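Participant: Here is my input; please provide its structure:
(2 chains)
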Protein chains: 2
Amino acid sequence: LAEVAGWRLSGNHIWRLVDFEDFNEAMRFVNRVARLAESANHHPDILIQYSKVKLSLTTHDEGGLTTKDFSLARRINRIAE
Amino acid sequence: LAEVAGWRLSGNHIWRLVDFEDFNEAMRFVNRVARLAESANHHPDILIQYSKVKLSLTTHDEGGLTTKDFSLARRINRIAE
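Facilitator: Coordinates of the predicted model:
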């Protein structure tokens, strides 16, 4: 997906995998994503597998991707760096 | 699975779904699970879908379920109530 670095398109959602040093670092990232999600009132699905975090975004109310998803993906990218 | 209330067996792991009022409550639960996981040095896969949290446990080093999984599942049950 050219629009947002690191994210891939799959069906009606975009997803990104981020790998950390360990579980605690992964959890710190997840909590930062959670704060972004609450402030945007838009919530990715979040899968935590030890040091790996998979995020998935779609707009359920619209049945597909919207600017909400790409906007939040960009904000998540800033804290994933 | 008779041994741990609320958990089901699927292949080589056990899993439980817990539903909360909203995303913030779900995140509070996930952070409590994370602290248990760190103290046990045993980490469930954690999937957060807004107010729903799915936990999945197996012992990767042993290629299947061990007492570590059932022990952590019981401790998680205490904080899920």
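Participant: The closest residue to A:Ala5 other than its chain neighbours: neighbour count?
Facilitator: Excluding the flanking residues, the one nearest A:Ala5 by C-beta to C-beta, 6 or more residues apart in numbering or on different chains is A:Asn77, at 6.3 Å. Every C-beta, even on glycine, is put in place using the N, C-alpha and C of the backbone. By other C-beta atoms under 10 Å in any protein chain shown, the residues close to A:Asn77 number 15.
Participant: Tell me the pLDDT of A:Asn77.
Facilitator: Listed pLDDT for A:Asn77 reads 97.
Participant: What of the one 3 residues further on?
Facilitator: On pLDDT, A:Ala80 comes in at 93.
Participant: Report the central residue of chain A.
Facilitator: Note on chain A: the residue nearest the mean C-alpha position is A:Leu55, at 3.8 Å, using C-alpha atoms, centre = their mean.
Participant: How about the contacts made by that residue?
Facilitator: With contacts defined as C-beta atoms under 8 Å, 6 or more residues apart in numbering or on different chains, the neighbours of A:Leu55 are A:Trp15, A:Arg16, A:Leu17, A:Val18, A:Val33, A:Pro44, A:Asp45, A:Ile46, A:Leu47, A:Ile76.
Participant: Now do it against B:Ile48, distance only.
Facilitator: From A:Leu55 across to B:Ile48, the span is 10 Å (C-beta to C-beta, to the nearest Å).
Participant: Quickly list what's touching both of these two.
Facilitator: Counting by C-beta under 8 Å, 6+ apart, the common neighbours of A:Leu55 and B:Ile48 are A:Asp45, A:Ile46, A:Leu47.
Participant: sorry, back to before: now the residue nearest to the centre of chain A, what's its secondary structure?
Facilitator: Following DSSP: H, G, I helix; E, B strand; the rest coil, the label given to A:Leu55 is strand.
Participant: Dig out what it forms beta bridges with.
Facilitator: When bridges are called by DSSP bridges, A:Leu55 pairs up with A:Arg16, A:Ile46.
Participant: So which of the shared contacts of A:Leu55 and B:Ile48 is the closest to A:Gly64?
Facilitator: Distance ranking of the shared contacts of A:Leu55 and B:Ile48 against A:Gly64, using C-beta to C-beta, places A:Asp45 first at 15.0 Å.
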